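K.L.:
based on what follows, work out the 3D shape:
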Amino acid sequence: MIIRRAPRRRNFTIVTNLAIDNSKLSFATLGVLVFILRQREGAPIGIKELAGKKRGGRDLVSKALKELEAEGYLERVRLQGPRGRWRTEMIVHDEPG
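P.N.:
Numbering: from 1, shown residues only. Predicted structure coming up:
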């Protein structure tokens with residue numbers, strides 16, 4: 001196999017080899033992780049938003065997020081707002097936490 005890499009000066013994402021080499025992550029899950037990591041801090045990213053960005057749909061994204069959670073790349077934190085409403089915040093790590 002020949003691999004040709006273009007020079008990168010901007011518009012690229014760095015992903016740790018820990019994630020790439022993790023045999024418990026499917027290729028689809030790794031793709032979801034990379035897509036999330038390239039987003040800006042605080043971007044609205046949930047199952048609905050992710051499912052609308054690429055092929056695969058909600059089921060694939062939901063399964064990928066569960067894989068990421070099981071491997072320590074994703075935390076779900078329940079927070080209560082000032083008016084008593086609850087929401088779930090997802091914290092994504094570039095290395096397992």
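K.L.:
contacting residues around the helix or strand hosting E75?
P.N.:
With elements taken from DSSP states H and E, the one containing E75 is strand 74-80. Applying CB atoms under 8 Å, 6 or more residues apart in numbering, the set of residues contacting strand 74-80 from outside is L65, L68, E69, W86, R87, T88, E89, M90, I91, V92, H93, G97. For the C-beta atoms, the positions are set from N, CA and C on the backbone; glycine is no exception.
K.L.:
ok, stretch 9-27 next?
P.N.:
30, 33-34, 37-38, 64, 67-68, 70-71, 73, 94-96.
K.L.:
for the residue of the chain most remote from its centre, grab phi and psi.
P.N.:
For the chain, the largest distance from the centre (CA atoms, centre = their mean) belongs to R83, which lies 29.3 Å off. Backbone torsions of R83, given as degrees, to the nearest 10, read phi -100, psi 10.
K.L.:
ok, V15 to G57 distance?
P.N.:
According to CB to CB, to the nearest Å, V15 stands 23 Å off from G57.
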